[in-house]
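# got a sequence here, can you model it:
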Amino acid sequence: MNLTKLFETQAALDEHIMQEHPELRGQNNLDWKLLALQVELGECSNEWRGFKKWSNDQDPRTCVSIDVCKNCGGTGIPLGNIEGGVDCWNCGGSGEITKNPL
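As a prediction, the model looks like this:
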């Protein structure tokens, strides 16, 4: 894990928030930042599912469909490819755009 990149990204997000909400400048914002961290850790834990010892479904959520591929319209074959046989480069032929929530 690249913590330097993580800190740089967080600093950029913090600056964006300060630009959108200048009333927060000069305040001690540590309390809401700690709460936001706790919320993110909770969301990560829910996707990981490893702590749910009572559940029959403990597999981590590593692939979640979020949209139909715009390049192939959900068919898995690129639009305009009349002959077929070629998987869509954008979705790998699945027809869906996915993400890893972890």
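
# where in this structure is pLDDT low?
Low-confidence regions of the chain, defined here as pLDDT under 70, cover residues 82-85.

# could you list the domains of this structure?
The chain breaks down by the TED database into domains covering 3-48, 63-101.

# mean neighbour count and distance to Trp54 added to those domains, as CSV?
Yep, even glycine has a C-beta here, placed from its N, CA and C like the rest. Written out in CSV, the entries for those read as follows (neighbours: other Cβ atoms under 10 Å; distance: least, Cβ to Cβ, whole Å):
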stretch, mean neighbour count, distance to Trp54
domain 3-48, 10, 14
domain 63-101, 14, 21
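
# so can I have JSON lines of those showing distance to Asn56?
Output for the domains of the chain, formatted as JSON lines (distance: least, Cβ to Cβ, whole Å):
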{"stretch": "domain 3-48", "distance to Asn56": "16"}
{"stretch": "domain 63-101", "distance to Asn56": "19"}
